[in-house]
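Participant: sequence and computational prediction follow.
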Amino acid sequence: MQTTAEFLAKVKPPITPVLVVRRAVMMANLDAMQSACAAKGVRLRAHGKMHKCSRLARLQVERGAVGLCCQTVGEAQSFVAGGIADVLVTAPVPAWGWARLARLARRARVGAVMDSAAQAQAASAAATAAGVTLDAYVDVDPGMGRAGVAPADAPALARLLTTLPGLLYAGVQAYCGHHQHMLPAERAAAHAAWTETLQALLAALRAEGLAPAQVTGGGTGTAAMDLTAGVYTELQAGSYALMDVEYGDLGDLPFRPALFLAASIVSANHASHVTCDAGHKALHPNGPGPRVVRPAGSAYRPMGDEHGAIIPPGGVTEGDLVWLQPGHVDPTVALHDAFFVADEAGQLERWPIDARRVSG
């Protein structure tokens, strides 16, 4: 396969700033994760919050994923509209969302996580009114403090889910988002400690006749450990498909960068830097800064909403393209309407980021 520099030299996007996906690398990433899951007998439920693109989601399902994870009700609606038949909302559902998910369950298999009796009762009422069944998962807090019940409280909520009409107790979610970007040794220690806690919880559930059909969670950073531990039955990895600076800097993941941002140099009046048309509206500041891929050896500094500096200029001047790798893929993708997916010859195909935002 040609080098990244050779590939990027062939790609000429029609506009900038724009996200470009290297199709061959993306496909290799998809196949690597799917193969790793299949080898361990673990279901892959790829997380769509990262790419928000039904076209990419269908590729993941075609390769063996059981369905998609969604972070919002809107993502679930968009993925089902885009042909995904099995979706799981992995974040707390707002009160207005239960009726929408219940209506969506007339067209697809729909699941959601819950961390309180009030949420479970609201989900049950919406499902019963719509004449459908929602898959209900106990959301367990692994220490993030964001959502989920304490492990000790999970059996009580699981018992409730088995009694409410319109809900199918489908299992537990245990997503350790705070582990994903730890350096290898720290990540391994944190994962081992959490695995011990999760195993104790699962034993408690089995003792009460509440053995979960699925234990879903994990992510790109912990995927190898999640698969080896033998506790998760379903992996929720997402970023592996495209990758970003934050995951790449961990140094121990087998996936390659497939996502780049093309920007144009719009001003070259300073010896110290040139100015490109990619600022905060094109590259989200969450996480590490973007990495300049071309020109090699340069750095990027944001210069406001619309602009960024390439330091030093690295031989590029007004009208030239520069290429960057986003620091954090998820929020950067949310800023764009589409990917331009490129083959190795540089031919481009536009894929809408159709689950980016849904309203009404």
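Facilitator: Received the coordinates, thanks.

Participant: now the helices for the stretch 201-350 of the chain?
Facilitator: Assigned helices in the stretch 201-350 of the chain, in chain order: 223-229, 245-248, 329-333 (criterion: DSSP state H, counting those that start in this stretch).

Participant: hey, which of those is tucked in deepest?
Facilitator: Mean neighbour count (mean count of other CB atoms under 10 Å) peaks for helix 329-333 among these, with a mean of 22. C-beta here means a position set from N, CA and C on the backbone, and glycine is covered the same way.

Participant: which other helices and strands does it contact?
Facilitator: Counting contacts by 3 or more CB pairs under 8 Å, 6 or more residues apart in numbering; DSSP states H and E, helix 329-333 is packed against strand 259-267.

Participant: who's in contact with the residue lying closest to residue 111 once chain neighbours are set aside?
Facilitator: Nearest residue to residue 111, sequence neighbours excluded (CB to CB, 6 or more residues apart in numbering): residue 135, at 3.2 Å. Residues in contact with residue 135 (CB atoms under 8 Å, 6 or more residues apart in numbering) are 88, 109-112, 167-168, 170.

Participant: what are the bridge partners for residue 135, then?
Facilitator: residue 111, residue 168 (DSSP bridges).

Participant: now do it, the pLDDT please.
Facilitator: The per-residue pLDDT reported for residue 135 equals 98.

Participant: about what we covered before: make TSV out of the contacts of residue 135 and add pLDDT and distance to residue 54.
Facilitator: Formatted as TSV, the contacts of residue 135 follow (pLDDT from 0 to 100; distance: CB to CB, whole Å):
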residue	pLDDT	distance to residue 54
88	98	16
109	98	16
110	98	16
111	98	18
112	98	20
167	98	27
168	98	25
170	98	24
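
Participant: nearest to residue 186, of these?
Facilitator: residue 88 (28.6 Å; CB to CB).

Participant: how many residues are close by that closest one?
Facilitator: Applying other CB atoms under 10 Å, we find 26 residues neighbouring residue 88.

Participant: was I right about it contacting residue 136?
Facilitator: No - checked against CB atoms under 8 Å, the pair residue 88 and residue 136 is beyond contact range at 10.6 Å.

Participant: quick check: neighbours shared by these two?
Facilitator: The contact sets of residue 88 and residue 136 overlap at 111-112 (CB under 8 Å, 6+ apart).

Participant: that older thread, just the contacts of residue 135 now: which is nearest residue 358?
Facilitator: The closest of those to residue 358 turns out to be residue 110 (CB to CB; 14.9 Å).

Participant: quick check: the closest one vs residue 318, distance?
Facilitator: From residue 110 across to residue 318, the span is 51 Å (CB to CB, to the nearest Å).

Participant: more neighbours: which of the two?
Facilitator: Just comparing residue 110 and residue 318: by other CB under 10 Å the higher neighbour count belongs to residue 110, 27 against 12.

Participant: you'd agree that one is up against residue 104?
Facilitator: Yes - contact criterion CB under 8 Å: residue 110 and residue 104 qualify, at 5.3 Å.

Participant: find residues that contact each of these two.
Facilitator: Listed as contacting both residue 110 and residue 104 by CB under 8 Å, 6+ apart are 76, 80, 87.

Participant: what is residue 20 paired to in the beta sheet?
Facilitator: Here residue 20 shows beta-bridge partners residue 260, residue 340, assigned using DSSP bridges.

Participant: what's the neighbour count on it?
Facilitator: Neighbour count for residue 20, taken as other CB under 10 Å: 22.

Participant: please name the residues that touch it.
Facilitator: Residues counted as contacts of residue 20 (CB under 8 Å, 6+ apart) are 11, 13, 259-262, 339-342, 348.

Participant: need these in a markdown table (columns: pLDDT, distance to residue 228 and neighbour count).
Facilitator: Below are the contacts of residue 20 laid out as a markdown table (pLDDT from 0 to 100; distance: CB to CB, whole Å; neighbours: other CB atoms under 10 Å):
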| residue | pLDDT | distance to residue 228 | neighbour count |
| --- | --- | --- | --- |
| 11 | 98 | 37 | 19 |
| 13 | 97 | 40 | 19 |
| 259 | 98 | 27 | 24 |
| 260 | 98 | 32 | 26 |
| 261 | 98 | 34 | 26 |
| 262 | 98 | 38 | 25 |
| 339 | 98 | 32 | 26 |
| 340 | 98 | 37 | 19 |
| 341 | 98 | 32 | 20 |
| 342 | 98 | 35 | 25 |
| 348 | 98 | 39 | 18 |
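
Participant: cool, thanks, signing off.
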